[in-house]
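Asker: need a structure here:
(one chain, ligands or ions: 1)
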Amino acid sequence: MANKTVFLVAAARPNFMKIAPLQHALAATDWCTPRIIHTGQHYDANMSDAFFRDLSMPEPWCHLNVGSGSHAEQTGRVMIEFEKVCMETRPDAVVVAGDVNSTVACALVCAKLWIPVVHLEAGLRSNDRRMPEEVNRVLTDRISDLLWTPSPDGDENLLAEGVPAHQIERIGNIMLDSYELLKDKIGASDARRRFGVDGQHYGVVTMHRPSNVDDQTTLRRIVDQLVRVSARVPLVFAVHPRTRKNLEAFGLWPVLEDAGAITLCDPLSYIEFMNLVSGARLVLSDSGGVQEETTYLGIPCLTVRDNTERPITLTEGTNRLLTPNQIESAVDDVLSADASDTVRRPELWDGKTAGRAATSLARLLGA
Ligand code: UD1
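Answerer: Next comes the predicted model:
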């Protein structure tokens, strides 16, 4: 059988747990050589290397080292470097994941070079164009050849935008394959013990959206609410580099440090983070992926955003949207409700998505 070369673009933290299961599934076939291209959008050891290690991913076949910059700089640099790689080694197909700047940059390069491009996690829409990720999603979907959606709303959004049905394939939520692959290691991790919360009620916090952390007034409001919440439930806050920079610049870091019941730490590896989340009473976040992981695990998720591109986590999951001012009362609601032990999971969020993706890719490439 002809061997097909497929580039898998990995760029930023939320991509790694989506690309890893696909890499493993494709490497196990006799028709495909998957090659990981790391754009370098995330480059800190704890934003990148730790994930490669936890997810047992091979070293990237190629590293573009683009680093940080403005949106145009970052997107442009990825395009310039990725085009060189594609012209030197023309792949049979390229898979891009999620909605980060590198996703749209690589998809655009492929579209111009007539290389088939597949979007993993297609069709999600917040309908909020002020979010850079929404622009990335809309553009990537428009120029991709095959659109792998995680949930029915994805299909509906794409059909409503005029995408032909034959380009859309619902494969499920691949990120949860990573959870299933690593479940035993996640259970065995000592993160909860290390943070002194094992067997206790505690909350996990992550916050990194520009809309929450770049504006001083908003970030101060969030910090005030977290301090108040921590009097009721201890919090572990894994701080993204962007957030840390702003907390320090706005003089808010000491406020969190002095709160007593808030433990601040650097971003955690996948296994450590999921160990913490899976034992938490609640999670407070503005992340995309965390909304899905908490739904999968049946853990209440309070999402500090006006909207979500993952509405299924509201209708079939444990997610709730709120403003910064509503954090304290929402936490009260969660703490006063019974901890539910019934977990409902959206269809095809079953840990078997990578296999469906590999089959779909084989069909696309006639392999
Ligand atoms: C990016 C994605 C966002 C995703 C998030 C997860 C875009 C538009 N945004 O946002 O969708 O939810 O990743 O983390 O692609 N930095 C470091 N070390 C790193 C990476 C970043 O210090 O390894 C700092 C830099 O100062 C950088 C800033 O964080 O300027 C922001 O990084 P960037 O990749 O531009 O966006 P994120 O906020 O991480």
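
Asker: nearest residue to the residue in the stretch 201-350 of the chain positioned nearest to the ligand other than its sequence neighbours?
Answerer: Nearest residue of the stretch 201-350 of the chain to the ligand, counting by Cβ to the nearest ligand atom: residue 241, 3.3 Å away. C-beta here means a position set from N, CA and C on the backbone, and glycine is covered the same way. Nearest-residue entry for residue 241: residue 44, 6.3 Å, with adjacent residues in sequence omitted and distances by Cβ to Cβ, 6 or more residues apart in numbering.

Asker: surely that neighbour meets residue 242?
Answerer: No. Counting by Cβ atoms under 8 Å, residue 44 does not reach residue 242; the two are 11.2 Å apart.

Asker: mind checking the SS state of the residue nearest to residue 239 when sequence neighbours are not counted?
Answerer: In this structure, residue 239 finds its nearest non-sequential neighbour in residue 264, 5.8 Å apart by Cβ to Cβ, 6+ apart. State at residue 264, reduced to three classes by DSSP: H, G, I helix; E, B strand; the rest coil: strand.

Asker: Which residues of this structure lie near the ligand?
Answerer: Contact residues (Cβ under 6 Å from any ligand atom) of the chain with the ligand: 12-14, 41-44, 47, 68, 99-101, 132-133, 208, 240-242.

Asker: 5 Å instead, please
Answerer: 12-13, 41-44, 47, 68, 100-101, 132-133, 241-242 (Cβ under 5 Å from any ligand atom).

Asker: So which of the residues you listed are in helices?
Answerer: 13, 101, 132, 133, 241, 242 (DSSP state H).

Asker: Check whether the last one really touches residue 212, as I assumed.
Answerer: The one in question is residue 242. No. Using Cβ under 8 Å, residue 242 makes no contact with residue 212, being 10.2 Å away.

Asker: what about these two, which has more around it?
Answerer: residue 212 (19 against 15; other Cβ atoms under 10 Å).

Asker: what's near enough to touch the more buried one?
Answerer: 218, 219, 222, 286, 304, 305, 324 (Cβ atoms under 8 Å, 6 or more residues apart in numbering).

Asker: That one in helix, strand or coil?
Answerer: Residue 212 - assigned by three-state DSSP - is helix.

Asker: Please report how far it lies from residue 110.
Answerer: Going from residue 212 to residue 110 by Cβ to Cβ, to the nearest Å gives 33 Å.

Asker: Same question for residue 329.
Answerer: In terms of Cβ to Cβ, residue 329 sits 47 Å off from residue 110.

Asker: Check what pLDDT the residue nearest to residue 241 gets.
Answerer: Residue 44 carries a pLDDT score of 96 in this model.

Asker: where exactly do the strands run in the chain?
Answerer: Using DSSP state E, the strands of the chain run over 4-10, 32-38, 62-63, 93-97, 117-120, 146-149, 168-170, 203-205, 235-238, 262-265, 282-285, 301-303, 319-321.

Asker: possible to save these as JSON lines with mean pLDDT and mean neighbour count?
Answerer: JSON lines is the format used below for those (pLDDT from 0 to 100; neighbours: other Cβ atoms under 10 Å):
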{"stretch": "strand 4-10", "mean pLDDT": "98", "mean neighbour count": "24"}
{"stretch": "strand 32-38", "mean pLDDT": "98", "mean neighbour count": "22"}
{"stretch": "strand 62-63", "mean pLDDT": "98", "mean neighbour count": "16"}
{"stretch": "strand 93-97", "mean pLDDT": "99", "mean neighbour count": "27"}
{"stretch": "strand 117-120", "mean pLDDT": "98", "mean neighbour count": "26"}
{"stretch": "strand 146-149", "mean pLDDT": "98", "mean neighbour count": "24"}
{"stretch": "strand 168-170", "mean pLDDT": "98", "mean neighbour count": "19"}
{"stretch": "strand 203-205", "mean pLDDT": "98", "mean neighbour count": "27"}
{"stretch": "strand 235-238", "mean pLDDT": "98", "mean neighbour count": "23"}
{"stretch": "strand 262-265", "mean pLDDT": "98", "mean neighbour count": "18"}
{"stretch": "strand 282-285", "mean pLDDT": "98", "mean neighbour count": "26"}
{"stretch": "strand 301-303", "mean pLDDT": "98", "mean neighbour count": "25"}
{"stretch": "strand 319-321", "mean pLDDT": "98", "mean neighbour count": "19"}
